[in-house]
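1. Need a 3D model of the sequence below.
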Amino acid sequence: MKEKLTLLKTKLIEILDKHEKNLYVSNVKDILVSLCFPMTLIGSIFYIAANPPEWTNTGLLKLWTSAAYGIREQLMIPYYLTYGMAGITASFMLSYCLAKNKNLDPLLSALITAISYLAILIPGYNDTALTLLELSKITGPSSLLSGFIISAACINLLALIKSKNMGFTIKKGVSPALSYGFKNIFPIMIVVPFMWLIGWGYNILLNYLTAFLSPAFINYKGLLGSSFAKAILGSLQTSLMYIIGMNGEVLGTPSYSIFSNLGGASTLLPLIILFLLSPSKHLKQLGTLCIIPGIFNIPYPVLLAVPIILNPVYALPFIAHSILSTFMNEASVSSGLISIEVHAISGTAILSGNLTIVNVIFIILLQLLNIALGLCLYYPFYKLHEEWLIISCGTKSEKTSLSIPLISRVKIIIDKLHSLTLINNNKGRPL
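-> Have a look, this model is predicted:
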């Protein structure tokens, strides 16, 4: 058994190494971590500030609610321009990096990709202007997969144009700026309309398929019978979409908190807790930065910081925890252990759903059980990632800390906190 586990560990490390060496994947990972992560983190902070949880409507915290209500629209603007621009930023920078690797003009390639991105993904509005909210759904992190595909397609098309020496020629004696501009006419003229036509055709086909398959899908949902099966299927679908970077509503929405992940032990919260206990400075810093958005059920900072997206190591526990936690939550509702009073929740939800549940004590226990389940599922894969990370770029002290068990790390942290408390209590006392 031990030999099989060692073999499995070796195979997973080999997969991780191949994953890191892939040109597209390595560039995507670097962009997600270096650009999209800080953008979504800052955007999440502004979103939380603009949408305080319902329970802050009492006591001193009512000041937060009152202040946010007065300037909510202004607070949401930085959110739209950071969190809401992560998708198009990733697409732009991926094209820039790939173009440099293929000896293309990186700035021109990135610009063509950004224009193609908007041409494909922005729906055809007649005289209606897009609001910032509508635009952020197109250019935000929910369109990461689309952005990656558009980037790869544009770069390969530009590489083909260059390899065939297609373009306009200009006589000598013209200024360098005009010569450069004239040279760029052909790639823009070919790539942008071509990508726009593909997007247009795709949207027409998608509309026809939606109209044709909608009745069959409704009947299929009916064949599933109970809401139990629908919840499991929905959880699987959502997890798979997160992994590939194609997501829908990603913030702490009430419907998701109540029905799909009742109790709100966010799928990624156990992983963030493990990061906080890690001897790796890299993972500990990630945990510190992502814990606040994680508590407020905003998953994208940690999704992009690790990244979980397109990560073969964390895909299995991520999907398994989502399905198993949904199973437990739905079973609790079906068995009558939890009664739900459904009403609208304003603002973000901290560990979601407490104010909508009758059995508050039991729901707290269910939250803790969800977190414990996540810790168990994530731990082996987290250890593999931690070991690979520390061996690759860790310090000597971090490598020594690998042998310390998780429980011992928790005890060390508790002892440090206890020592700090004693020091603070002894301050000001006469000697």
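2. so where's the longest helix in this structure?
-> Under DSSP state H, the helix in the chain containing the largest number of residues is helix 176-224.
3. What's the mean pLDDT across that helix?
-> Confidence over helix 176-224 (mean pLDDT, whole number) is 77.
4. Stretch 368-384 now?
-> Computed over stretch 368-384, the mean pLDDT rounds to 87.
5. got it, and stretch 230-242?
-> Averaging pLDDT along stretch 230-242 gives 77.
6. quick one: buried residues of it?
-> Along stretch 230-242, these residues count as buried under the neighbour rule (16 or more other CB atoms under 10 Å): K230, A231, I232, G234, S235, T238, S239, Y242. No exception for glycine: its C-beta is placed from N, CA and C like everyone else's.
7. Same question for stretch 110-127.
-> Going through stretch 110-127 with 16+ other CB under 10 Å, the ones that come out buried are A110, L111, I112, T113, A114, I115, S116, Y117, L118, A119, I120, L121.
8. Please apply the same query to stretch 67-83.
-> A68, L75, M76, P78, Y79, Y80, L81, T82, Y83.
9. which residues of the chain score low on pLDDT?
-> Screening the chain residue by residue with the criterion pLDDT under 70, one finds the ranges 1-9, 11-13, 15-21, 54-60, 123-129, 213-228, 247-266, 338-360, 392-431.
10. Kindly report the domain assignment for it.
-> For the chain, the domain assignment from automatic domain parsing gives the residue ranges 22-224, 233-424.
11. Of those domains, which is nearest T10?
-> Distance to T10, taken as CB to CB, is lowest for domain 233-424 among these, at 10.4 Å.
12. Check which helices and strands the helix or strand harbouring N370 sits against.
-> Here N370 is covered by helix 360-393, with elements defined by DSSP states H and E. Here helix 360-393 touches helix 2-21, helix 269-276, helix 281-295, helix 312-334, helix 396-401, going by 3 or more CB pairs under 8 Å, 6 or more residues apart in numbering; DSSP states H and E.
13. Tell me which other helices or strands the third one touches.
-> This means helix 281-295. For helix 281-295, the helices and strands in contact under the criterion 3+ CB pairs under 8 Å, 6+ apart are helix 37-50, helix 269-276, helix 300-305, helix 360-393.
14. ok, and which of the ones you listed has the densest surroundings?
-> Of all the helices and strands packed on helix 281-295, helix 300-305 has the most neighbours on average by mean count of other CB atoms under 10 Å, namely a mean of 28.
15. hang on, the earlier thing: quick check: which helices or strands does the helix or strand that the longest helix of the chain is followed by pack against?
-> Next helix or strand after helix 176-224 toward the C-terminus (DSSP H and E): helix 227-244. Here helix 227-244 touches helix 176-224, helix 312-334, going by 3+ CB pairs under 8 Å, 6+ apart.
16. Buried deepest among the ones you listed, which one?
-> A comparison of the helices and strands packed on helix 227-244 by mean neighbour count, using mean count of other CB under 10 Å, puts helix 312-334 on top with a mean of 19.
17. That one to helix 269-276, inter-axis angle?
-> Here helix 312-334 runs at 130 degrees with respect to helix 269-276, directions being taken by axes from the mean of the first three to the mean of the last three CA atoms, to 10 degrees.
18. relative to helix 360-393, how tilted is helix 312-334?
-> Computed by the same axes, to 10 degrees, the angle between helix 312-334 and helix 360-393 is 180 degrees.
19. Format the domains of the chain as JSON lines; extra columns: distance to E14.
-> Written out in JSON lines, the entries for these read as follows (distance: least, CB to CB, whole Å):
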{"stretch": "domain 22-224", "distance to E14": "13"}
{"stretch": "domain 233-424", "distance to E14": "11"}
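20. what residues does stretch 75-85 touch?
-> Taking CB atoms under 8 Å, 6 or more residues apart in numbering as the criterion, the residues outside stretch 75-85 that touch it are 39-40, 42-44, 46-47, 49-50, 68, 132-133, 135-137, 139-141, 300.
21. same thing but at 6 Å, please
-> Contacts made with stretch 75-85 from outside it, assessed by CB atoms under 6 Å, 6 or more residues apart in numbering, are listed as M39, T40, I42, G43, F46, Y47, A49, A50, L132, S136, T139, G140.
22. Pick out the most distant pair among those residues.
-> For the contacts of stretch 75-85, the maximum inter-member distance is 21.5 Å, found between A49 and T139 (CB to CB).
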